[in-house]
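*Asks:* Next input, structure requested:
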Amino acid sequence: MNLTPGFFISIILEYWYFIPVIVLILFFRTPFFKGFIGEVIINITTALFLDKNRYHLIKNVTLPTEDGTTQIDHIIVSEYGIFVVETKNMKGWIFGSEKQKMWTQSIFKHKIKFQNPLHQNYKHIKTLERVLNIGQDKFFSVIVFVGDATFKTQMPSNVNYPRGYLDYIKSKKDVLLLKEEVKEVIQKIEMGRFEKTYKTHREHVRHVKTIIAKKQNEKACPKCGNGMILKTVKKGVNTGKFFWGCSRFPKCRETTNILTEKP
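*Replies:* From the prediction side, this is the model:
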């Protein structure tokens, strides 16, 4: 078979209609799309089951922090308090407790560690406290798992599925904010947030990856922000010595200098 450039071009021209399908399949599997679906589910359930005159939804808020930025999926402002909502679009079994730094996602025999969303949301609330100059007693942390996820450990009442999170919000009956204060909170959030652009999102994602790497006692990649893995040189004059290489290799080939001894 003559594998010339012309041969590949003819194949592409003959089966071009498969290309959009492949692109769509790959897109549907990206974290961006999963996050988008999670946001859509929360938007729909909130619009259908929460009174718009009492509960005001603010979506995808990126705020400045002392060390970078923090991104909040949803903020629901009402006279019953400020509900800070973190969504997780995940499948499989979910293991975790309120005080654990990392939770576990189990899919068959594969286990993946991820940041405790309650801890993640705590930073969101502390940022909002500073921006709004309002006490912590006015805030409620809410974690919503969308997708085909099943809790395998006992979760707090504020960690739930889409329907359960609505019940949690509606369970709060005490008036904590006056109507004028609700309007002021909404205005301050809108004025203090970063503009909703791809650049803002990209810079925030890099910042988050760096934080996660530090929590896992890993060295953060200076190029992409993912964790660095300690590796051993297998060839050449430095065989047996150590170096740090990006965990996203070969997509990211960032490395550090050769180390004589293991740190």
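*Asks:* okay, now the domains of the protein?
*Replies:* The record's domain parsing of the chain by automatic domain parsing lists 32-201, 218-263.
*Asks:* Serialize those domains to TSV and add fields for mean pLDDT.
*Replies:* TSV is the format used below for these (pLDDT from 0 to 100):
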stretch	mean pLDDT
domain 32-201	88
domain 218-263	72
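*Asks:* so which of those domains is the most packed in?
*Replies:* With neighbours defined as mean count of other C-beta atoms under 10 Å, the domains of the chain peak in mean count at domain 32-201, which reaches a mean of 16. (Each C-beta comes from the backbone N, C-alpha and C, glycine too.)
*Asks:* and that domain, how far out from the chain's middle?
*Replies:* Chain-centre distance of domain 32-201: 11 Å, with C-alpha atoms, centre = their mean, to the nearest Å.
*Asks:* begin at 325 from here
*Replies:* Sounds good: first residue 325 from here, last item domain 356-525.
*Asks:* Please name every helix or strand in contact with the one helix or strand Glu514 maps to.
*Replies:* Element membership for Glu514 (DSSP states H and E) is helix 503-516. The contact analysis (3 or more C-beta pairs under 8 Å, 6 or more residues apart in numbering; DSSP states H and E) places helix 503-516 against strand 379-389, strand 392-402, helix 441-456.
*Asks:* and with 10 Å instead?
*Replies:* For helix 503-516, the elements it packs on are strand 379-389, strand 392-402, strand 405-413, helix 441-456, judged by 3 or more C-beta pairs under 10 Å, 6 or more residues apart in numbering; DSSP states H and E.
*Asks:* Just want the angle from that helix to strand 379-389.
*Replies:* Compare the direction of helix 503-516 with that of strand 379-389 by axes from the mean of the first three to the mean of the last three C-alpha atoms, to 10 degrees and you get 40 degrees.
*Asks:* neighbouring contacts of helix 503-516?
*Replies:* Under the contact criterion C-beta atoms under 10 Å, 6 or more residues apart in numbering, helix 503-516 has outside partners 378-380, 382, 385-388, 396, 399, 401-404, 406, 451-452, 454-458, 462, 500-502.
*Asks:* cool, and stretch 450-463?
*Replies:* Residues from elsewhere that reach stretch 450-463 (C-beta under 10 Å, 6+ apart): 385, 387-390, 393-394, 396, 399, 401, 404-408, 445-446, 448-449, 500-501, 505, 508-509, 512-513, 515-517.
*Asks:* now the end-to-end length of that stretch.
*Replies:* The first residue of stretch 450-463 is 10 Å away from its last residue (C-alpha to C-alpha, to the nearest Å).
*Asks:* quick one on the thing from earlier: any chance of the helices and strands packed on helix 503-516 in TSV, plus distance to Lys425?
*Replies:* TSV is the format used below for the helices and strands packed on helix 503-516 (distance: least, C-beta to C-beta, whole Å):
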stretch	distance to Lys425
strand 379-389	19
strand 392-402	17
strand 405-413	16
helix 441-456	7
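*Asks:* out of these, nearest to Ile431?
*Replies:* With distances scored as C-beta to C-beta, the stretch of the helices and strands packed on helix 503-516 nearest to Ile431 is strand 405-413 (13.8 Å).
*Asks:* Quick check: what element follows the closest one along the chain?
*Replies:* Next along the chain after strand 405-413, taking DSSP H and E as the criterion, comes strand 416-419.
*Asks:* Can you name every helix or strand that that following strand contacts?
*Replies:* The contact analysis (3+ C-beta pairs under 10 Å, 6+ apart) places strand 416-419 against strand 426-431, strand 434-439, strand 473-475.
*Asks:* re the thing from before, and Pro486, which of the helices and strands packed on helix 503-516 is closest to it?
*Replies:* strand 405-413 (9.0 Å).
*Asks:* List the strands paired with that closest one, with their directions.
*Replies:* If you go by DSSP bridges, strand 405-413 pairs up with strand 392-402 (antiparallel), strand 463-470 (parallel).
*Asks:* Ok, which of those strands comes nearest Ile553?
*Replies:* strand 392-402 (23.5 Å).
*Asks:* Taking helix 441-456 as reference, get the angle to that closest one.
*Replies:* 80 degrees.
*Asks:* Return strand 392-402 as PDB; C-alpha atoms alone will do.
*Replies:* C-alpha atoms of strand 392-402 as PDB (Å, rounded to 0.1, in the frame of the first residue of the first chain):
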ATOM      1  CA  GLY A 392      -5.000  34.400  43.000                       C
ATOM      2  CA  THR A 393      -8.700  33.800  42.300                       C
ATOM      3  CA  THR A 394     -11.600  31.600  43.400                       C
ATOM      4  CA  GLN A 395     -14.400  30.400  41.100                       C
ATOM      5  CA  ILE A 396     -17.900  29.800  42.500                       C
ATOM      6  CA  ASP A 397     -20.400  27.700  40.500                       C
ATOM      7  CA  HIS A 398     -23.600  29.200  41.900                       C
ATOM      8  CA  ILE A 399     -24.600  31.700  44.500                       C
ATOM      9  CA  ILE A 400     -28.200  31.900  45.600                       C
ATOM     10  CA  VAL A 401     -29.000  35.000  47.600                       C
ATOM     11  CA  SER A 402     -32.200  35.200  49.600                       C
END
